[in-house]
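[1] here is my input, please return the structure:
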Amino acid sequence: MTAKKEYLIWGGLFLALASFAIYSRIWVTEDAYISFRYIENLFSGNGLVFNRGDRVEGFTHPLWLFLLILLRTVGIDAHQGGILLGFLLSLSGIALAIRWKSKSSSPLFLLPALLACHDGFRDFATSGLEFPLTFFLLIALLTLTFQQKLHSPFLLGTIVSLLYHTRPEMGMLIPYYFLWRLAEIRKLEWNWILRYALAVGLFAGLYHLFRFVYFHDILPNTFYAKSGGSARYADGLNYLMHFLTYSKFFLLAVAATAAFALWRFFVSKQQAETGEIHRAPLVMPWREIVLIVLLGHYIIRVGGDFMGFRLLMPTFIIVWFVLDYLAAALAKDLSPVIIRSLNLILFLSVSVVLVFGNSFPVLKRGIVNERMAYINEFDADGRIVKRLYSGPVDLASGVKHRWFVRGLEFRNLQACLGISDFRITNSLTEAKCMEDGVGLGYFGVAAGPDVIIIDELGLTDRDVARSNKKSGHNRVGHERSISLDQVIEKKAAFCSLEDRRYDDLMRTKFGVLLRIEPEMLRSLGKTEYERRVKGLKQLKKSILAGSSADDQRLLSRIEHLENIWQQKVEDLPDTTEEQTRTDGCWL
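    Here you go, the predicted model:
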């Protein structure tokens, strides 16, 4: 068998293995649906917004979003489009990595093996988020630079600029590669600098100009919402340890490579002393190693994330690429038979992991397995009580999560009431507006563009993001939280006033009603309208006569509602006509 034919066979086998690995973990995460709501609004004629009339950039992957928009223009829904695009880009990245091996007479396929069996890679390859695009661009960058084929400064500037538009921290690559080039040549090559700057200006700078003109900002809103201030090294190290704990195949590969390197060092030393063989020294990829340290330090400093693997995946793509390069360099003197045996061991090991391996826990060290959390239902003790999907095809067809179902209920309520300025908040922590809480994504797309959603964490709300109110739950990457005063000022329809007297009186199946204007109250029906208006008047009268701290706090909040809605409780009509049009809205 020729070396080329063997390379094609092994490459095809590992590509097929990776295809199965990705296919078996098809799903779309809740966070991806935040971007999908932007797409829904765009195609509904509202512009690139999360909420109609409010230009706030609540996403951090504009290039990925642009590709999903392109797919939508040809009729491919964002859910299926995210899966399709993720699948194709992930496999294309692996194919590039395999293509990189074609120059070797006996290639070792360590990188495809590491990718195919890693939970982080498999889970985020089709999650609807930007990872597969980041992965593809990183592999393109690394293969070109390692082969010393990236001679064009314009192409280099283009790739790193595109990476910046997939993940914000990838923006570090723009100055990094520029400064590394200057350090290498130790002089100013103005032609190189100008062509690099032109690419960065076109592909990074122009979007910043668009952002400033369209969103009236220079950074995405998520930057302000997630800027917690102080460094969170303890959380970041915990995030790193979680990553390594559930990356056992990678750790085994590191240990095996290190052991082989140590053995080769002693053998080479002995051979050099006897004059038998002189091996060329191993060339270390210092540019990539330093980059790994810088990116890793940044992720650790900000505290990582609550989402398992996600933020460290780009950094570890570079780590795995470097490990693959070192392993291949160390093994280049091995016989084809040994290399063939190693590839067989890798292939069989990954196959066993894919068939018998379990995913990492739903919750560990405060870090969540998002896929497991969203494709299952759990009891109060965290045990799976129901699997929501029958398999990959079912997962690719759409969302069945309860937050999506809840969003449909609010869509129907708004449509039934016919109120154009229908605002709600998903708040659960500081201001308690949703008893069970809902995310922004699944709920937001299901609720539709006519339901305005005020995010309690400020990801899509400029005011909350820029407030100094820190969240009480201290979740990494979600440092802001909306206050009850902000909920009232933003005219949310539902929220608890944190007083049972008001909450019990105004409770509905959708939440505690805050809109005390007659139009909304009449929609409840004649009987409910009269009961609640009578109760409101009695409640206000009693707290006006009271003197306790609870009375004063509730009075202040009711007066705040009155000012916002320009409606005094005592001026509400005692009775109303039957509202047949809205009779069934609240059922």
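[2] low-confidence stretches in the stretch 451-587 of the chain?
    In the predicted model, the stretch 451-587 of the chain carries pLDDT under 70 at residues 469-475, 477, 579-580.
[3] cutoff 90 now
    Scanning the stretch 451-587 of the chain for pLDDT under 90 picks out the ranges 457, 465-481, 546-547, 576-587.
[4] which residues in it form helices?
    For the stretch 451-587 of the chain, helices defined by DSSP state H, counting those that start in this stretch occupy the ranges 462-466, 484-489, 500-506, 518-522, 526-545, 549-565.
[5] so which of those comes closest to Ile22?
    Distance to Ile22, taken as CB to CB, is lowest for helix 462-466 among those, at 34.3 Å. No exception for glycine: its C-beta is placed from N, CA and C like everyone else's.
[6] returning to that earlier point: save the helices of the stretch 451-587 of the chain as TSV, and put in mean neighbour count too.
    Converted to TSV, these look like this (neighbours: other CB atoms under 10 Å):
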stretch	mean neighbour count
helix 462-466	19
helix 484-489	19
helix 500-506	17
helix 518-522	18
helix 526-545	15
helix 549-565	15
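[7] now those as JSON lines including distance to Tyr164?
    What follows is these, written out as JSON lines (distance: least, CB to CB, whole Å):
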{"stretch": "helix 462-466", "distance to Tyr164": "21"}
{"stretch": "helix 484-489", "distance to Tyr164": "32"}
{"stretch": "helix 500-506", "distance to Tyr164": "47"}
{"stretch": "helix 518-522", "distance to Tyr164": "45"}
{"stretch": "helix 526-545", "distance to Tyr164": "53"}
{"stretch": "helix 549-565", "distance to Tyr164": "41"}
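[8] between those helices, which gets nearest to Gly418?
    Among the helices of the stretch 451-587 of the chain, helix 518-522 sits nearest to Gly418 (CB to CB), with 9.9 Å.
[9] what does the closest one contact?
    Counting contacts by CB atoms under 8 Å, 6 or more residues apart in numbering, the residues outside helix 518-522 that touch it are 417, 419, 493, 513, 515, 529, 532-533, 567, 572-573, 576-577, 579, 582.
[10] equivalent analysis for stretch 534-544, please.
    Residues contacting stretch 534-544 (CB under 8 Å, 6+ apart): 501-502, 505-506, 516, 551-552, 554-555, 558, 569-570, 572, 574.
[11] and these, which two are furthest apart?
    Farthest-apart pair in the contacts of stretch 534-544 is Gln552 and Asp574; separation 26.8 Å (CB to CB).
[12] ok, back up a step: what's the closest of the contacts of helix 518-522 to Asp324?
    Among the contacts of helix 518-522, Ala493 lies closest to Asp324 (CB to CB), at 54.5 Å.
[13] quick one, what contacts the nearest residue to the closest one once chain neighbours are set aside?
    Setting aside the residues directly before and after it, Ala493 is nearest to Arg515 in space (CB to CB, 6 or more residues apart in numbering), at 5.0 Å. Counting by CB under 8 Å, 6+ apart, Arg515 touches Lys491, Ala493, Leu521, Trp565.
[14] returning to what we had before: for Phe43, state which of the contacts of stretch 534-544 is nearest.
    Nearest member of the contacts of stretch 534-544 to Phe43, counting by CB to CB, is Ile516, at 35.4 Å.
[15] does that closest one really touch Glu570, like I thought?
    No: Ile516 is not in contact with Glu570 according to CB atoms under 8 Å; the separation is 11.4 Å.
[16] how about the strands of this protein, start to end?
    363-364, 367-368, 376-378, 384-387, 422-425, 451-454, 507-508, 511-512 (DSSP state E).
[17] now those as a markdown table including distance to Asp31 and mean neighbour count?
    Below are these laid out as a markdown table (distance: least, CB to CB, whole Å; neighbours: other CB atoms under 10 Å):
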| stretch | distance to Asp31 | mean neighbour count |
| --- | --- | --- |
| strand 363-364 | 17 | 14 |
| strand 367-368 | 11 | 22 |
| strand 376-378 | 17 | 14 |
| strand 384-387 | 21 | 10 |
| strand 422-425 | 18 | 23 |
| strand 451-454 | 15 | 23 |
| strand 507-508 | 29 | 16 |
| strand 511-512 | 24 | 21 |
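[18] Ile174 is nearest to which of these?
    The nearest among these, by CB to CB, is strand 367-368 at 29.6 Å.
[19] distance from that closest one to the middle of the chain?
    Distance, stretch centre to chain centre, for strand 367-368: 13 Å (CA atoms, centre = their mean, to the nearest Å).
[20] I'd like to know which elements that strand is packed against.
    Secondary-structure packing of strand 367-368 (3 or more CB pairs under 8 Å, 6 or more residues apart in numbering; DSSP states H and E): helix 233-245.
[21] show me what counts as buried in the helix it packs on.
    Residues of helix 233-245 classed as buried by neighbour count (16 or more other CB atoms under 10 Å): Asp235, Gly236, Asn238, Tyr239, Leu240, His242, Phe243.
[22] got the CA positions of it in PDB?
    The C-alpha trace of helix 233-245 is given here as PDB (Å, rounded to 0.1, in the frame of the first residue of the first chain):
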ATOM      1  CA  TYR A 233      -8.800  34.100  39.300                       C
ATOM      2  CA  ALA A 234     -10.300  31.600  41.800                       C
ATOM      3  CA  ASP A 235     -13.300  31.100  39.500                       C
ATOM      4  CA  GLY A 236     -11.100  31.000  36.500                       C
ATOM      5  CA  LEU A 237      -8.900  28.300  37.900                       C
ATOM      6  CA  ASN A 238     -11.900  26.300  38.900                       C
ATOM      7  CA  TYR A 239     -13.100  26.600  35.300                       C
ATOM      8  CA  LEU A 240      -9.700  25.400  34.100                       C
ATOM      9  CA  MET A 241      -9.700  22.500  36.500                       C
ATOM     10  CA  HIS A 242     -13.200  21.500  35.400                       C
ATOM     11  CA  PHE A 243     -12.100  21.500  31.800                       C
ATOM     12  CA  LEU A 244      -9.000  19.300  32.500                       C
ATOM     13  CA  THR A 245     -11.000  17.000  34.800                       C
END
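[23] separation between Leu194 and Leu162?
    20 Å (CB to CB, to the nearest Å).
[24] more crowded one of the two?
    Neighbour totals were compared for Leu194 and Leu162, and Leu162 leads with 20 against 11 (other CB atoms under 10 Å).
[25] shouldn't that one be in contact with Val200?
    No: look at Leu162 against Val200 with CB under 8 Å: they stay out of range, at 10.6 Å.
[26] dump the residue contacts of the residue nearest to Asp455 when sequence neighbours are not counted.
    Nearest residue to Asp455, sequence neighbours excluded (CB to CB, 6+ apart): Asp461, at 5.0 Å. By CB under 8 Å, 6+ apart, Asp461 lies in contact with Val56, Asn221, Ile454, Asp455, Ile482.
[27] need those in JSON lines (columns: distance to Gly382).
    Conversion of the contacts of Asp461 to JSON lines gives the following (distance: CB to CB, whole Å):
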{"residue": "Val56", "distance to Gly382": "34"}
{"residue": "Asn221", "distance to Gly382": "33"}
{"residue": "Ile454", "distance to Gly382": "29"}
{"residue": "Asp455", "distance to Gly382": "26"}
{"residue": "Ile482", "distance to Gly382": "27"}
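[28] related to what we said a few turns ago, looking at the helices of the stretch 451-587 of the chain, which is nearest to Met372?
    Between the helices of the stretch 451-587 of the chain, helix 462-466 lies closest to Met372; by CB to CB that is 29.3 Å.
[29] contact partners of that closest one?
    With CB under 8 Å, 6+ apart as the criterion, helix 462-466 contacts 54, 56, 221-222, 224-225, 454-459, 480-482, 486, 490.
[30] next one: that helix to chain centre, how far?
    20 Å.
[31] same check, this time on stretch 47-65
    14 Å.
[32] equivalent analysis for stretch 412-429, please.
    25 Å.
[33] buried stuff in that stretch?
    413-414, 416-417, 419, 422-429.
[34] which among the residues you listed gets closest to Tyr38?
    Asn426 (16.5 Å).
[35] gap between that closest one and Leu137?
    Taking CB to CB, one finds Asn426 at 33 Å from Leu137.
[36] alright, I will stop here.
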